[in-house]
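**Student:** fold the following for me, if possible:
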Amino acid sequence: MSVATPSGQTALDVDDLHVSFGNARRGSLIRAVDGVSFSVCKGEIFGVIGESGSGKSTLGRCLVGLLSPSGGGVLHDGIDPFKFSRRELNRHRRKYQIVSQDPNAAFDPRMTILQSICEPLNIAGEGTKAERREKAFAMLDRVSLSPEMANRYPHEISGGQKQRANIARALMLDPNVIVCDEVVAALDVSIQADMLNLFARLQEQFGLTYVFISHDLRVVSHISDRVAVMYFGKIVEFGPAHAVIETPLHPYTEALRSAEPEIDPAAADARQRIILQGEIPSAIAPPGGCRFHTRCPRVRDICRTEEPRQRELLPGRHVACHFAEEMLGEKERRGLGPAGGNGGDHVAPATNALT
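**Tutor:** Numbers count the residues shown, from 1 in each chain. You can find the predicted model right below:
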């Protein structure tokens, strides 16, 4: 059952989604996504946070139809895209684009930037050659690239410029949803801020819905309306971005938050750094009970034997931890206020960008 979203229509509904690789009979089955449920509102920026190997990228590829579910399902605006024929799916998928982390891998080095940006329309057979070029130049302008970039080859422009061109190409088919998979991870911090502002501006101009995947809490908290925290294929916590980041109610989220650098020296001194101990579980043979119990500083016997159910602890705050209520009580006693933050109200995306 998908968890309730903020007000508005849903662009994506994910219900008990499973994505597995390998062969169960040979004992090599990897459950990359293992029973994930959530919904994304139209016009929302939904963040997904987690370490490498948590299943974030696999989830993102499944959301846009590049991978098929092993179980459960994904609905695009109420439609199951995986029931389409291959031709119908290819046509439908034009409205669901993905922008990957490495822009170098996204471009053919033998094609100019203009040729690469026109390529989606060429494949779709839309418009005349002149109309495609005109739209490509318009998209270059939308992502703040000068027309002179059009005739350059990928190796002749910077990483930030390549990522902007990558975004321009994703926009050529007028998508409704864009999955952003670690899109600023390879960029300098100063360029990251400009890129996040660009995403916010494009969302306002085109009415886009984003699923923003990152391991960087700082990035996700600034741009997202709500965030989901993934660990070993499962969502352990999600809710309003500010509330989840500032007052985490799961030990894993708390550990991720403590590892983030703090600009304010006083806040840095006051924060208690949480160093996770124990072994990282095997992806082929994940532990029983709570998957985080092998590294959790709060682990107890029940964590080793019983998987915690995900429940709504506060309005809009969903947590899968046996002792989330205990963590909530601790934070309230420390004067952090209601850990629900804004309680799940939908925040205007454009106001969340870095400045």
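**Student:** give me the element the closest residue to Arg317 other than its chain neighbours is part of.
**Tutor:** Leaving aside its sequence neighbours, Arg317 sits nearest to Gly239 (C-beta to C-beta, 6 or more residues apart in numbering; 4.0 Å). C-beta coordinates here come from the backbone N, C-alpha and C atoms, glycine included. Taking DSSP states H and E as the criterion, the element that holds Gly239 is strand 234-240.
**Student:** and the helix or strand that that strand is followed by, how far from the chain's centre?
**Tutor:** Note on strand 234-240: by DSSP H and E, the next helix or strand toward the C-terminus is helix 241-246. Helix 241-246 sits 15 Å away from the centroid of its parent chain (C-alpha atoms, centre = their mean, to the nearest Å).
**Student:** mind giving me the packing neighbours of helix 241-246?
**Tutor:** helix 217-223, strand 226-231 (3 or more C-beta pairs under 8 Å, 6 or more residues apart in numbering; DSSP states H and E).
**Student:** so the last one versus strand 234-240, what angle?
**Tutor:** Regarding strand 226-231 and strand 234-240, their directions subtend 160 degrees when assessed with axes from the mean of the first three to the mean of the last three C-alpha atoms, to 10 degrees.
**Student:** just checking: what are the partner strands of strand 226-231?
**Tutor:** Sheet pairing for strand 226-231, assigned by DSSP bridges, gives strand 45-49 (parallel), strand 234-240 (antiparallel).
**Student:** quickly compare the helices and strands packed on helix 241-246 and say which is most buried.
**Tutor:** Compared across the helices and strands packed on helix 241-246, strand 226-231 shows the largest average neighbour count, a mean of 25 (mean count of other C-beta atoms under 10 Å).
**Student:** need the residues that contact it.
**Tutor:** Contacting residues not belonging to strand 226-231 are listed as 5-6, 36, 38, 44, 46-51, 54-56, 59, 220-221, 235-241, 244-245, 248, 250, 252-253, 256, 291-292, 316, 344 [C-beta atoms under 8 Å, 6 or more residues apart in numbering].
**Student:** let's go with 6 Å and repeat that
**Tutor:** Strand 226-231 is contacted from outside by 38, 46-50, 54-56, 220, 235-238, 240-241, 244, 252-253, 292, using C-beta atoms under 6 Å, 6 or more residues apart in numbering.
**Student:** can you check stretch 68-84 too?
**Tutor:** Stretch 68-84 has contacts (C-beta under 6 Å, 6+ apart) with Asp13, Val14, Asp15, Asp16, Leu17, His18, Val19, Ser20, Gly65, Leu89, His92.
**Student:** switch to 8 Å and redo it
**Tutor:** Stretch 68-84 has contacts (C-beta under 8 Å, 6+ apart) with 9-20, 35-37, 62-63, 65, 89, 92-93, 95-96, 176-177.
**Student:** please identify the most buried of the strands paired with strand 226-231.
**Tutor:** Comparing the strands paired with strand 226-231 by mean neighbour count (mean count of other C-beta under 10 Å), strand 45-49 ranks first with a mean of 28.
**Student:** buried stuff in stretch 50-58?
**Tutor:** Using 16 or more other C-beta atoms under 10 Å as the test for burial, stretch 50-58 gives Gly50, Gly53, Ser54, Gly55, Lys56, Ser57, Thr58.
**Student:** middle-most residue in this protein, spatially?
**Tutor:** In the chain, the residue lying closest to the centroid (C-alpha atoms, centre = their mean) is Ile213, at 2.5 Å.
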